[in-house]
Every structure is written in C-alpha cells, then in structure tokens.
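Student: Kindly return the folded structure for what I paste below:
(one chain, ligands or ions: 2)
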Amino acid sequence: MSANLRRPAIPAVQTILGLETSCDETAAAVVRRHADGRVEVLSSAVASQIAEHAPYGGVVPEIAARSHVEAIDSIAAEAMRSAGVGYGDLTGVAATAGPGLVGGVMVGLSFGKAVALARGLPLVAVNHLEGHAVSARLGAEVAYPFLLLLVSGGHCQLLSVDGVGLCRRLGSTMDDAAGEAFDKIAKSLGLPYPGGPALEKLAEGGDPERFPLPRSLLGHKGCDFSFSGLKTAAARLAESVTSEADRRDVACAVQAAITRQLAERSDRAMALYAQEHGGRDLRFVVAGGVAANRMVRARLEAVARARGFSFTAPPLAYCTDNAAMIALAGAERLALGLSDTLDTPARPRWPLDAAAALSNPTHTPGRKGAKA
Ligand code: KG4
Ligand code: ZN
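Tutor: Ligands and ions are numbered 1, 2, ... in the order given. Next up is the predicted model:
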C-alpha cells in the first residue's frame, strides 16, 4: 500500500467525486462535507449489472470488469451532471481500491487517478469496507466510536470503529458471508440473483417455525459467524419441497435463522463493547447489503435498544454498494489531510483490521476473497 501523504491546505468544504467498481455495480457520486461534519449527497448514480450476471446465478468477474469499463465514463458524467458541479468545483477524488474483484477495482481506481492527475486533485484510495462503515453517516449523524455489524455479500464482521481507519475486529464469518448464504439458498429455491431481496419477498407471510434449521456455533463463546451448515441444510430442504406454501415457509425459516445468528452475535459483541467502554458511547451501526432486510434491521434494532445502544442503519439506497459512501470515506480522510499517491495499487484483499486478519487464518477467503 502506498504511504499516505500529508497535504498542507485542507479546504473547509470538501466536494468529492466518489467511484465504486469493486463488484457488480458501477457507481459514481458527488458528496459535499462541511467543516462541521455535515454531509450532503449531491448525486449518487448506480449502474447495476444484475441483468448481465443473472443468467449465471452470480457475479462473473470477467463480465463485471468489462461492464465497468463500458459504464464508468457515462456514470461519472451522470453523477457530475446531476450534482450540478464541474470538475473545477471538486476538491478531491475518492475511488475504491479494494477489497473486491480486482479487474473491476482497477477500472474505477484508474478512472479516479486520471481525474486526479488531469485536474491536480488529491486522490483517496478507499477501502470498500470503510465505505460501508461510514455509510450510515450519509443519512444521520453518528459520532465515533461505534460498534459496527458489516453484513453484505462478501463480508460478515463485527468491528469496533474508533475513528477514520481505526477498526478492531471482534468477530467475523468462518465460512460464508450472510449475503452469500442468502444468495446461495435463494438459488436452491429457484429464485433469481441477487437472492437476498428475492428471498425476503418470498418469505412474506410465511411460518418461520415450521422447518427447523441448525443453529451454528451454539457452544462458541466469541462473536464469530458460520453459515455453511445452515446453507447445506436449507439447500436440502429446498430440494425436498414442491408447493409454493412450502417454499415460502422454507424462505421464512432461512431468513429467521440468519437474522437470529446476526442478532445473537451482535448482542454478545454489544455486551463486550459496553464493558470496554464503561457503558458510554454505546452506538450500534449495521451496514452492507443485508442491512436492507427489514427483519434483520428490526431485530438488530430491538437488540441494540435492549442493550442501551443507539441504533443506526443507512438509508436503503446506501446499504448496497454505492459511491456516495466511498466519496464520504474519502472526504473524511481528506479532512484529516490524508491522501494517496497515484501509484496506489488495486487490492483484491484488504482487511480493515490487518492484525486480526493475520492472527486468525481460519477465516478463509470467499467470493470476493476478502472476508478477513
Ligand atoms: O453490500 P452489497 O451490495 O455488496 C457487497 O459488498 O457484498 O451486498 C450485496 C448482498 C447480496 O448478497 C444481497 O443478496 C444482499 O446483500 N441483500 C439482501 C437484501 N438486499 C441485498 N439480503 C437480504 N435481504 C435483502 N433485502
Ligand atoms: Zn459492499
């Protein structure tokens, strides 16, 4: 990773172009951050590749990279146009530099470098997970520190977030991410990709108790997750049912089981966090694509309230991948005088808590190679 450079003059108001290309959305956004921390999203454009990947039941890296190349120019132009700003109004460019599918990451990062070079702007190479970590701040004021559950298609981890770039991992998945479990089980129920939203819809009005599903890591004392046992059991169950009512009850049981695990581990992490913080600064944030799920949001909110934590989830549009969160992460770094050099590489893996990732090799790489 390139060293951060200290820049002398920090504008009081940051107007940042953000770029996100780490998975299957080509996204660009313009975000304005004021000196007092107030945030305005001036635009947020997302070109989804869902239709291109749907026939394969998941993201195909080569197709994703090519689509990002085709879309990035027009999405960036659309973000600038709808924000009503010109390149001369920008104070910086922020692009996702990882973790993610590296062919795609390179597209957005190279575009960001080109804009930075052509316009003499500082570049911030943003960790995609740091983007998710700040995403709740796009809709509400959330002060540091906070406890974060980052739960998406590629990641499932609990982090203590003490400030910009200051994360300590309390637990993470030992196999699949929660979104990945939603996607794979949805596929075995014959639902289209991405499976999470489709499974949530199918589960409406279902009976969560009818089909019992295994509870992973029941005796485990930590804050880690495991979804592979649930995935196998649910796939077997999905194959054995035929009626629409049965499928609905399976979907409902799966959603309840994933939610229960997320809630149980978050509850444990909240207890630890509250102890460490002497009962002060008790803020809980959930972010990532799975945070769009209504049952997950409601259950986590109830757990947080019971533990005396405030609860914040990003507005729905900023749960799944977007560039506004990348622009904001960039703005927060620039406000601290942090930027990156133009030789910063794209990184397929980039854990937020590098020390924890090194010390716990049981947490194996997944779909995006970045569950550390
Ligand atoms: O954050 P995201 O857009 O991409 C990653 O960084 O992974 O998350 C996408 C994931 C997918 O697995 C998708 O199925 C899941 O979030 N997801 C949902 C819902 N909306 C998106 N899972 C459950 N319920 C939803 N409503
Ligand atoms: Zn993401």
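Student: At which residues are the helices of the stretch 1-150 of the chain located?
Tutor: All helices of the stretch 1-150 of the chain, identified by DSSP state H, counting those that start in this stretch, fall at 50-53, 61-83, 102-119, 128-134.
Student: Columns distance to ligand 1 and mean neighbour count on top of those, output as TSV?
Tutor: In this view, the C-beta of every residue, glycine as well, is placed from N, C-alpha and C. Listed next are the helices of the stretch 1-150 of the chain as TSV, based on distance: least, Cβ to the nearest ligand atom, whole Å; neighbours: other Cβ atoms under 10 Å:
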stretch	distance to ligand 1	mean neighbour count
helix 50-53	10	14
helix 61-83	12	19
helix 102-119	12	21
helix 128-134	6	27
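Student: I'd like those as a markdown table, with distance to ligand 2 and mean pLDDT appended.
Tutor: Formatted as a markdown table, the helices of the stretch 1-150 of the chain follow (distance: least, Cβ to the ion, whole Å; pLDDT from 0 to 100):
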| stretch | distance to ligand 2 | mean pLDDT |
| --- | --- | --- |
| helix 50-53 | 14 | 90 |
| helix 61-83 | 13 | 97 |
| helix 102-119 | 12 | 98 |
| helix 128-134 | 6 | 97 |
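Student: Pull the number of nearby residues for A354.
Tutor: Using other Cβ atoms under 10 Å, the number of residues around A354 comes to 14.
Student: pLDDT wise, what is it at?
Tutor: On pLDDT, A354 comes in at 79.
Student: Any chance of a markdown table for the helices of the stretch 1-150 of the chain, columns distance to D249?
Tutor: Formatted as a markdown table, those follow (distance: least, Cβ to Cβ, whole Å):
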| stretch | distance to D249 |
| --- | --- |
| helix 50-53 | 27 |
| helix 61-83 | 34 |
| helix 102-119 | 37 |
| helix 128-134 | 32 |
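Student: Which stretch among the ones you listed approaches A251 most closely?
Tutor: helix 50-53 (19.5 Å; Cβ to Cβ).
Student: now for that closest one, which elements pack on it?
Tutor: On a contact count with 3 or more Cβ pairs under 8 Å, 6 or more residues apart in numbering; DSSP states H and E, helix 50-53 meets helix 61-83.
Student: Correct me if wrong: F227 contacts F182.
Tutor: No: taking Cβ atoms under 8 Å as the contact criterion, F227 and F182 are not neighbours in contact, 9.0 Å apart.
Student: Spatially, what comes nearest to the most centrally placed residue in the chain if we skip its sequence neighbours?
Tutor: Among the residues of the chain, the one closest to the centroid is G288, at 3.4 Å (Cα atoms, centre = their mean). With sequence-adjacent residues excluded and distances taken as Cβ to Cβ, 6 or more residues apart in numbering, G288 is closest to S152, at 3.3 Å.
Student: Run through this protein and note the low-pLDDT ranges.
Tutor: Across the chain, the ranges flagged by pLDDT under 70 are 1-8, 360-372.
Student: For the top helix by length along it, buried residues please.
Tutor: Across the chain, the helix with the greatest residue count (assigned by DSSP state H) is helix 244-276. By neighbour count on 16 or more other Cβ atoms under 10 Å, the buried set for helix 244-276 is 246-259, 261-270, 272-274.
Student: near ligand 1 at all, that helix?
Tutor: No: counting by Cβ under 6 Å from any ligand atom, ligand 1 is not contacted by helix 244-276; separation bottoms out at 7.5 Å.
Student: any idea how far that helix is from the chain center?
Tutor: 18 Å (Cα atoms, centre = their mean, to the nearest Å).
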